[in-house]
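Novice: Quick one, what's the 3D model for this:
(chains A and B)
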2 protein chains.
Amino acid sequence: MNDEDLSRFSINQMTVRQLPLPELVEACRDLGVGGVGLWREPVQRYGVEAAAKLVRDAGLTVTTLCRGGFLTATDPVERAEALGDNHAAIDEAAALGTDTLVLVSGGLPAGSKDLHGARERIADALAVLGPYAAERGVRLAIEPLHPMYAADRCVVSTLAQALDLAERFPAHQVGVTVDTYHIWWDDRAPEQIARAGAGGRIHTFQLADWTTPLPAGVLNGRGQIGDGAVDMREWKRYVEAAGYTGPIEVELFNEELWARDGREVLAETARRFVEHVIR
Amino acid sequence: MNDEDLSRFSINQMTVRQLPLPELVEACRDLGVGGVGLWREPVQRYGVEAAAKLVRDAGLTVTTLCRGGFLTATDPVERAEALGDNHAAIDEAAALGTDTLVLVSGGLPAGSKDLHGARERIADALAVLGPYAAERGVRLAIEPLHPMYAADRCVVSTLAQALDLAERFPAHQVGVTVDTYHIWWDDRAPEQIARAGAGGRIHTFQLADWTTPLPAGVLNGRGQIGDGAVDMREWKRYVEAAGYTGPIEVELFNEELWARDGREVLAETARRFVEHVIR
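Specialist: Below is the predicted model:
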């Protein structure tokens, strides 16, 4: 493992959420990791300006901020609150110096069965948020989540759906997140990656492996790179063929990893990245 | 609730697996339920010929037999065993007098990341099984399973993929299963239902509702009709617009339902069917 191997590697903060932000920054420095994807909640706890200074002083690139979104409410008060919160997320992204805010679009409102309507409300919100983000140098990256989250977290389930939404807006406002965990099963995803790349809309590329059995609630079972069913090199080839040469972020939600020493998990993740993605 | 309301209703045996076959048959008679979808294991325990006589004497229509499949092994011995088992399943379907054998195609072999290869092995097996089934008056119904099962149960995740496989063979040999639980999230599914109908390939239509949170292992959390996110009437309209006028089978895997009195669950399921699907 050398600097070249890790030149495109970025660690998503959630992967090692047991590490407080200063320890994460220190561990990145020690391991030669140059990129981090941050999350709003731990950044807010540390203070947005303080966090921005910390990563800037350490010379780290903030590859993404996770996450905005949850834009599917029908209730006017809830919708206004969601828009306000997304404006704040865009401001935070700009303060942290990242150009990409990942969006988890939101599920169905309670009692609703209307997926199409929920997707249209996302588009309505993007029409407001896209220009606001672009003025601050931030691009919104719609993340299609695995279809198992369609009801309760994200009605955007495929790259095709994400692009159908994103393409209503300029690419410097709205693009997509390509995350192997959510799309690995989809035989249409490679052609959609090509479509996204042709439009300059691959705003971030994230990795997690698919392992089974899934845990209850299916949130925190994302596998360490190399432990599961996803051919990481193949997906890297797809995004590269589509023109993407940016950072590759590893984002794992995994109770077992969180129970371990965070520095050890970061080092392991970097090794797995080199072994299963780069070499 | 009257006979007309239930004229297309079929109860899948798994929904009330706590009922031994004779009790299921008796409960169907008492409630005016004319169709059952059977499963191989309980039928084998009772005896295939005895089960066939039981349902025939009760005047029940066996709408499907579940299930054949698991056709993705690479090991030659395992493949031969799988083919043998599927020949047996076809024979059992014929003995029970049903024209439809549902296929759960199988997941990735241990250590494999090759979804495409696994799907091609299914096609290879269908080329052997399709003619054998058709000679016995049985149609194979490829069931796309929700993408959350792609690694460990079924590499066929969408109706489009299922039809890509089925259309290599005559419709009287191979078609598809349309099950709301697996496809409700997919905005392409309505057009694929039309494609399936145009080709005479909707071999069965099954219902289950989508409820969250999903349980560990994600197998036994299928919601009672009306409890979840699926608009049942909408999916019924899609299959009917595609020309399907056959039985509508309710198939629920649900620990909470299995813990209750089976007759009560059957009666509730019939009521929910009328309330959320028919009226």
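Novice: which SS class is the closest residue to A:Asp261 other than its chain neighbours?
Specialist: Leaving out its chain neighbours, the residue that sits closest to A:Asp261 by C-beta to C-beta, 6 or more residues apart in numbering or on different chains is A:Gln18, at 7.9 Å. C-beta here means a position set from N, CA and C on the backbone, and glycine is covered the same way. What DSSP: H, G, I helix; E, B strand; the rest coil gives for A:Gln18 is coil.
Novice: What is the neighbour count of A:Gln18?
Specialist: Neighbours of A:Gln18 under the rule other C-beta atoms under 10 Å in any protein chain shown: 15.
Novice: cool, and A:Asp91?
Specialist: Count around A:Asp91 with other C-beta under 10 Å applied: 15.
Novice: Look up which helix or strand it falls in, please.
Specialist: Remark: A:Asp91 resides in helix A:76-96, with elements defined by DSSP states H and E.
Novice: And the next helix or strand past that helix?
Specialist: Following helix A:76-96 toward the C-terminus (DSSP H and E): strand A:100-104.
Novice: Within its sheet, name the partner strands of that following strand and how each one runs.
Specialist: strand A:61-69 (parallel), strand A:139-142 (parallel) (DSSP bridges).
Novice: Point out the most buried one among those strands.
Specialist: With neighbours taken as mean count of other C-beta atoms under 10 Å in any protein chain shown, these reach their highest mean count in strand A:139-142, at a mean of 28.
Novice: Give me the contact list for that strand.
Specialist: A:64, A:68, A:99-103, A:105, A:122, A:126, A:129-130, A:133, A:156, A:162, A:165-166, A:171-177, A:203-204 (C-beta atoms under 8 Å, 6 or more residues apart in numbering or on different chains).
Novice: helix or strand right after it?
Specialist: Taking DSSP H and E, what comes next after strand A:139-142 is helix A:159-166.
Novice: residue boundaries of the helices in the stretch 151-279 of chain A?
Specialist: A:159-166, A:180-183, A:189-198, A:232-241, A:255-258, A:262-273 (DSSP state H, counting those that start in this stretch).
Novice: Just name whatever secondary elements the second one is in contact with.
Specialist: In this case it means helix A:180-183. Secondary-structure packing of helix A:180-183 (3 or more C-beta pairs under 8 Å, 6 or more residues apart in numbering or on different chains; DSSP states H and E): strand A:202-207, strand A:209-210.
Novice: now do the fourth one
Specialist: Based on contacts counted as 3+ C-beta pairs under 8 Å, 6+ apart, the elements that helix A:232-241 packs against are helix A:189-198, strand A:202-207.
Novice: Could you point out which of the ones you listed sits nearest chain B?
Specialist: With C-beta to the nearest C-beta as the criterion, chain B lies closest to helix A:189-198 of the helices and strands packed on helix A:232-241, at 10.5 Å.
Novice: Spell out which residues of the stretch 151-279 of chain A are next to chain B.
Specialist: Within the stretch 151-279 of chain A, the positions near chain B by C-beta under 8 Å from any C-beta of the partner chain are A:151-152, A:157-158, A:160-161, A:184-188, A:210, A:212-218, A:228-231, A:234.
Novice: out of the residues you listed, which are buried?
Specialist: Those of those that meet the buried threshold are A:151-152, A:157-158, A:160-161, A:184-188, A:210, A:212, A:214-215, A:218, A:228-231, by 16 or more other C-beta atoms under 10 Å in any protein chain shown.
Novice: Now the phi/psi pair for A:Asp75, please.
Specialist: Dihedral pair for A:Asp75: phi -60, psi 130, per degrees, to the nearest 10.
Novice: Quick check, pLDDT for it.
Specialist: Listed pLDDT for A:Asp75 reads 97.
Novice: isn't it right next to A:Pro109, touching?
Specialist: Yes - between A:Asp75 and A:Pro109 there is a contact under C-beta atoms under 8 Å: 7.5 Å.
Novice: Looking at these two, which one has more neighbours?
Specialist: A count of neighbours by other C-beta under 10 Å puts A:Pro109 above the other of A:Asp75 and A:Pro109, at 15 against 11.
Novice: Number of residues surrounding the spatially closest residue to that one that is not a sequence neighbour?
Specialist: Among residues not flanking A:Pro109 along the chain, A:Thr74 sits closest, at 5.2 Å (C-beta to C-beta, 6+ apart). Neighbourhood size, A:Thr74 [other C-beta under 10 Å]: 15.
Novice: what's the distance between the most far-flung residue of chain A relative to its centre and B:Gly228?
Specialist: The C-alpha centroid of chain A is most remote from A:Gly111, which lies 28.0 Å away (C-alpha atoms, centre = their mean). Separation of A:Gly111 from B:Gly228 (C-beta to C-beta, to the nearest Å) stands at 11 Å.
Novice: now swap in A:Lys53 and tell me
Specialist: In this view, A:Lys53 and B:Gly228 are 47 Å apart by C-beta to C-beta.
Novice: How about A:Val104?
Specialist: Distance, A:Val104 to B:Gly228, using C-beta to C-beta: 21 Å.
Novice: now swap in A:Ile122 and tell me
Specialist: 21 Å.
Novice: where does chain A dip in pLDDT?
Specialist: A:1 (pLDDT under 70).
Novice: Next, the contact list for the residue positioned nearest the centre of it, please.
Specialist: By C-alpha atoms, centre = their mean, chain A has its centre lying nearest to A:Val102, at 5.0 Å. Contact analysis of A:Val102 by C-beta under 8 Å, 6+ apart lists A:37, A:64-69, A:141, A:143, A:177, A:204.
Novice: Pick out whichever of those sits closest to chain B.
Specialist: Using C-beta to the nearest C-beta, these come closest to chain B at A:Glu143, 15.3 Å.
Novice: The closest one - how many residues pack around it?
Specialist: Neighbour count of A:Glu143, defined by other C-beta under 10 Å: 25.
Novice: Isn't A:Gly228 up against A:Leu207?
Specialist: No - under the criterion of C-beta under 8 Å, A:Gly228 is not in contact with A:Leu207, lying 10.8 Å apart.
Novice: picking that back up, need the contact list for the residue nearest to A:Pro109.
Specialist: By C-beta under 8 Å, 6+ apart, the neighbours of A:Thr74 are A:109, A:112, A:121.
Novice: So the second one lies in a strand, does it not?
Specialist: No - the assignment for A:Ser112 by three-state DSSP gives coil, which leaves it out of any strand.
Novice: give the contact list for it.
Specialist: A:74, A:118, B:229.
Novice: Which element, helix or strand, includes the second one?
Specialist: If I follow you right, that is A:Ala118. helix A:115-135.
Novice: Could you pull out the buried residues of that helix?
Specialist: Using 16+ other C-beta under 10 Å as the test for burial, helix A:115-135 gives A:115, A:118-119, A:121-123, A:125-126, A:129-130, A:132-134.
Novice: For B:Gly106, see how far away the residue nearest to A:Pro109 is.
Specialist: From A:Thr74 to B:Gly106 the distance is 41 Å (C-beta to C-beta).
Novice: A:Arg188 too?
Specialist: Between A:Arg188 and B:Gly106 the distance, using C-beta to C-beta, works out to 21 Å.
Novice: same question, A:Thr63
Specialist: Applying C-beta to C-beta, the value for A:Thr63 to B:Gly106 is 38 Å.
Novice: now A:Asp231
Specialist: From A:Asp231 over to B:Gly106 the distance is 19 Å, taken as C-beta to C-beta.
Novice: Which strands or helices does the helix holding A:Asp91 pack on?
Specialist: Here helix A:76-96 touches helix A:40-46, helix A:48-57, strand A:61-69, strand A:100-104, helix A:115-135, going by 3+ C-beta pairs under 8 Å, 6+ apart.
Novice: and B:Arg45, which of the ones you listed is closest to it?
Specialist: helix A:115-135 (40.5 Å; C-beta to C-beta).
Novice: Now do the same contact list for the closest residue to A:Ala127 other than its chain neighbours.
Specialist: Leaving aside its sequence neighbours, A:Ala127 sits nearest to A:Phe169 (C-beta to C-beta, 6+ apart; 7.3 Å). By C-beta under 8 Å, 6+ apart, A:Phe169 lies in contact with A:126-127, A:130.
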